[in-house]
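Asker: kindly return the folded structure for what I paste below:
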Amino acid sequence: MQVAILSDIHGNRHAFEAVLADAEAAGAEEMWCLGDLVGYGAEPNACVELARRHAAICLAGNHDLGVTGEIGLDEFSTGAALAARWTQETITTANLEFLSALRTSGEEGAVGLYHASPRDPVWEYVLSALLAELCLDVQPQRVALIGHSHVALSFVRPEGDVATGEPRRNGDHLDIGSGEWLLNPGSVGQPRDGDPRAAWLLLDLDRWQASWRRVEYDIAGAAAAIRAARLPDSLAERLGYGQ
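Answerer: Next comes the predicted model:
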């Protein structure tokens with residue numbers, strides 16, 4: 001089975017719709033979301049509704065938990081807290097109930113799913129081989145999917161060796177049939193690796209292969225929606241830089 005892995009959508013409907021179309025064209029049979037449907041962007045209801053229709057599995061991210069009130073907004077940056085408060089005032093009851101029912105981790109067959117990391121599914125940014133090593137020590141699955149960092153990455157620990165990792169670019173393809181792995185698809189709605197295109201991962205569960213993909217979307221439209229909602233202009237500006 002081929003699965004589209006998405007994370008960190010952050011209320012960016014334009015990016016979400018572009019990725020869903022790209023995933024369908026690539027032959028993905030299911031979509032799994034690693035969390036943060038809402039956050040910095042100005043169309044949270046549209047994004048939650050798309051996830052409700054299309055996601056076979058959906059996790060909660062820290063921004064989702066902030067909007068539902070499960071974690072306090074004092075733990076967020078100023079811009080993130082402002083966006084969360086605006087989302088609380090904007091989101092529908094049905095969509096809020098959907099977010100409230102989500103968990104921050106899960107498992108599907110032999111694959112673990114975590115919003116942030118196996119050690120801390122809510123907050124930990126896995127951006128180094130050392131942190132990946134610590135996560136691989138505790139994760140029960142050979143292959144785990146993580147989001148949260150907004151950076152497309154892979155980490156591998158071959159049997160008897162130490163973990164190594166590297167950023168992933170559009171078109172990168174890996175055989176993950178052996179060794180222990182942490183795979184990050186990157187961010188749909190707010191990439192932070194210098195590539196402004198929406199990021200996602202195509203996971204082939206039959207062949208144990210992973211392919212990283214990027215897709216163009218209407219960045220100007222997403223930025224205009226943020227400005228129209230009177231959210232911080234920095235949240236709109238950064239989309240064009242992938243930062």
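
Asker: ok, how many other residues are close to Asn95?
Answerer: Counted with other C-beta atoms under 10 Å, residues neighbouring Asn95 total 22. In short, each C-beta sits where N, CA and C put it, glycine included.

Asker: swap in Phe76?
Answerer: 18.

Asker: got a pLDDT number for it?
Answerer: Predicted confidence (pLDDT) for Phe76: 94.

Asker: got a list of what it touches?
Answerer: When contacts are counted by C-beta atoms under 8 Å, 6 or more residues apart in numbering, Phe76 touches 62-63, 66, 84.

Asker: let's have these in a markdown table, adding pLDDT and secondary structure.
Answerer: Listed next are the contacts of Phe76 as a markdown table, based on pLDDT from 0 to 100; DSSP: H, G, I helix; E, B strand; the rest coil:
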| residue | pLDDT | secondary structure |
| --- | --- | --- |
| Asn62 | 98 | helix |
| His63 | 98 | helix |
| Gly66 | 98 | helix |
| Ala84 | 97 | helix |
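
Asker: including neighbour count and distance to Ser149, could those residues go into a markdown table?
Answerer: Converted to a markdown table, the contacts of Phe76 look like this (neighbours: other C-beta atoms under 10 Å; distance: C-beta to C-beta, whole Å):
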| residue | neighbour count | distance to Ser149 |
| --- | --- | --- |
| Asn62 | 23 | 12 |
| His63 | 29 | 13 |
| Gly66 | 25 | 17 |
| Ala84 | 24 | 19 |
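
Asker: would you map the helices across this protein?
Answerer: 13-25, 44-54, 62-68, 78-90, 93-100, 129-138, 219-228, 233-237 (DSSP state H).

Asker: the third one: how far from the chain's middle?
Answerer: The one in question is helix 62-68. For helix 62-68, the separation from the chain centroid amounts to 14 Å (computed by C-alpha atoms, centre = their mean, to the nearest Å).

Asker: other SSEs contacting that helix?
Answerer: On a contact count with 3 or more C-beta pairs under 8 Å, 6 or more residues apart in numbering; DSSP states H and E, helix 62-68 meets helix 78-90, helix 93-100.

Asker: tell me the angle of the longest one relative to helix 44-54?
Answerer: If I follow you right, that is helix 78-90. Calculated by axes from the mean of the first three to the mean of the last three C-alpha atoms, to 10 degrees, helix 78-90 forms an angle of 70 degrees with helix 44-54.

Asker: contacts for helix 78-90?
Answerer: By C-beta under 8 Å, 6+ apart, helix 78-90 touches 11, 38-41, 44-45, 63, 66-67, 69, 73-74, 76, 229, 231-232, 234-235.

Asker: check the residue lying closest to Tyr241 once chain neighbours are set aside and give its pLDDT.
Answerer: Once flanking residues are discounted, Tyr241 sits nearest to Pro196: 6.3 Å by C-beta to C-beta, 6 or more residues apart in numbering. We have a pLDDT of 98 for Pro196.

Asker: what's near enough to touch Pro196?
Answerer: The contact partners of Pro196, taken as C-beta under 8 Å, 6+ apart, are 219, 239-242.

Asker: state the distance from it to Arg214.
Answerer: According to C-beta to C-beta, to the nearest Å, Pro196 stands 9 Å off from Arg214.

Asker: doesn't Ala223 make contact with Gly240?
Answerer: Yes. Gly240 lies in contact with Ala223 (C-beta atoms under 8 Å); the separation is 7.1 Å.
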